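Q: fold the stuff below for me.
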Amino acid sequence: MRAPLALLLATALPALAGGRLPATGGVTQLEGAAGGGLAPWALIAGYGTADEVGGNAFYTRVQSQGFRLESAGAAIGLFDRVELSFARQRFDLGDTVPGQAIRQEVVGAKWRVYGDAVVDQDRPWPQLAIGLMHKRNRDFDLVPRLVGARRGSDVELYLAATKVWLDGLAGRSTLLNGTLRYTRANQLGILGFGGDKSDARQLRFEGSAALFLTDRLIVGAEWRQKPDNLSAFKEDGFGDAFVAWVPNKRLALTLAHTELGNIADKDGQRGPYLSLKADF
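A: Modelled structure (predicted):
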C-alpha cells in the first residue's frame, strides 16, 4: 500500500506531539478517524496540544465466518483542533463471490468546535466535533450496482460528542461518546450508497462507552446503527466489546469481539477484530 499524504506530511513535520494524556487520541476507527473501532469520537488524532502536530498510522482486520475486512491508513492532528485522515479498505467476498474483493477509499476531516473532553472536568458539557468522510467505492460495478446500490461514492457528515470523567465509574476514568452520522452507505459503503428502498441520507446513532481499568488497559463496548437501503440484503447494526492496551504514547493495540449481523447473503456474522495503531 502506498503511503498516504497524511503519513508523509506527519513524518516530515518537526513539531511532534506529546503533550496530551495517554489514550486521549482514542484508537482508530474503521474509516480512519480517531475514536473507537466503530464510531468516530470528538477527540483529535495524535497527542498534540494547541501548539503541536501529531498523528498516527493504523492497520485493522475484522474476520467473520464468511468475510474479511482490512483497513489501513493514517491521520494527522493539527493543534488539537483539526484532523485529516485517509483509509483504504479491502473487503474479501469469501465464497459469496470467490476470489473477489471490494476496495474503498475514505478521506476524512474533523474539526473540534467546542470544549475539551478531558480538561473540562468542572463542566458538564462534552467536547464536540463535526466531521465529514468522502468515500469512493473502487469496485462499484462488481457487486454494489448489481444488488441495487445507486452510487459508488458519497459524502457523510457527522457530529460527535465525547466526555471523559477522570474520577468516573468505580473511581476509574470513564469515557462516553455519542455520534450522529448523516449517511446512506450500505455496509459502510462496501456495497455502495443508497438503494431501491431508499436513496435518502438518514441520521444514524453510534455510541461508545469505555472504562480505564488501569492507565494502560481499557475495556468498553460500541454500537453503530446503519441504513437498510437494499431489498436484496437486509442490513443490521454493528456492535463490539473491546479491550485496548496502550503501553505508551507510541503504540495502541485493540482486540474486540464483533457482532455484525447480516452481511450480503450470510446472517449472524461475528468474529474477532484486531487493530494496531502507531502514533508519532
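
Q: is L84 bridged to anything, and to what?
A: I76, A109 (DSSP bridges).

Q: and the gap between it and T49?
A: 18 Å (C-beta to C-beta, to the nearest Å). For every residue, glycine as well, the C-beta is placed using N, CA and C.

Q: which one's more surrounded, these two?
A: The neighbour count for L84 versus T49, taken as other C-beta atoms under 10 Å, is higher for L84 (22 against 15).

Q: residues contacting that one?
A: By C-beta atoms under 8 Å, 6 or more residues apart in numbering, the contact list for L84 reads A6, A75, I76, L78, G108, A109.

Q: report the lowest-confidence entry in the residues you listed.
A: Checking pLDDT across these, the minimum falls on A6 at 38.

Q: count the neighbours of the closest residue to R123 other than its chain neighbours for me.
A: Nearest residue to R123 in three dimensions, chain neighbours excluded: G115, at 7.2 Å (C-beta to C-beta, 6 or more residues apart in numbering). For G115, the count of nearby residues is 18 (other C-beta under 10 Å).

Q: next: the one 5 residues further on.
A: Other residues within reach of D120, judged by other C-beta under 10 Å, total 15.

Q: now do the buried residues in stretch 251-258.
A: A252, T254, A256, T258 (16 or more other C-beta atoms under 10 Å).

Q: narrow the residues you listed to those in strands?
A: Of the buried residues of stretch 251-258, the ones assigned to strands by DSSP state E are A252, T254, A256, T258.

Q: okay, who's weakest in the residues you listed by pLDDT?
A: A252 (93).

Q: could you find the closest non-adjacent residue to R90?
A: E70 is the one closest to R90 (C-beta to C-beta, 6+ apart), at 4.8 Å.

Q: doesn't Q63 make contact with the one you found?
A: No: contact criterion C-beta atoms under 8 Å: E70 and Q63 do not qualify, at 9.4 Å.

Q: and the residue nearest to R123, what is it in contact with?
A: A42, R123, W125, P126, Q127, L128.

Q: possible to save those as TSV with pLDDT and secondary structure?
A: Listed next are the contacts of G115 as TSV, based on pLDDT from 0 to 100; DSSP: H, G, I helix; E, B strand; the rest coil:
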residue	pLDDT	secondary structure
A42	97	coil
R123	91	coil
W125	94	coil
P126	97	coil
Q127	97	strand
L128	98	strand
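
Q: mind giving me the ChimeraX command for buried ones among those?
A: Buried residues within those, by 16+ other C-beta under 10 Å, are selected in ChimeraX with:
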select :42,126,127,128
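
Q: between which two of the contacts of G115 is the distance greatest?
A: Greatest spatial distance among the contacts of G115 (C-beta to C-beta): A42 and R123, at 14.2 Å.

Q: most remote residue from this structure's center?
A: D122 (28.6 Å; C-alpha atoms, centre = their mean).

Q: local confidence estimate at it?
A: 92.

Q: sorry, back to before: and the gap between the residue nearest to R123 and A129?
A: Applying C-beta to C-beta to G115 and A129 gives a distance of 9 Å.

Q: what sits in contact with each of those two?
A: A42.

Q: which parts of the stretch 151-280 of the chain are strands?
A: 153-165, 174-183, 202-212, 217-224, 238-248, 251-263, 266-279 (DSSP state E, counting those that start in this stretch).

Q: contact partners for R151?
A: F140, G192, F193, G194.

Q: which stretches of the stretch 1-150 of the chain form strands?
A: Under DSSP E, counting those that start in this stretch, the stretch 1-150 of the chain gives strands at 27-28, 34-35, 53-63, 68-78, 82-92, 101-114, 127-137.

Q: partners of the last one, with directions?
A: I take that to be strand 127-137. strand 101-114 (antiparallel), strand 153-165 (antiparallel).

Q: can you give me the buried ones in that strand?
A: Q127, L128, A129, G131, M133, K135, N137.

Q: I'd guessed the fifth one sits against Q29; true?
A: This means M133. No: between M133 and Q29 there is no contact under C-beta under 8 Å: 9.9 Å.

Q: okay, the most centrally placed residue in the chain and S208: tell me how far apart.
A: The centroid of the chain falls nearest to Q29 when counting by C-alpha atoms, centre = their mean (2.1 Å). Applying C-beta to C-beta, the value for Q29 to S208 is 10 Å.
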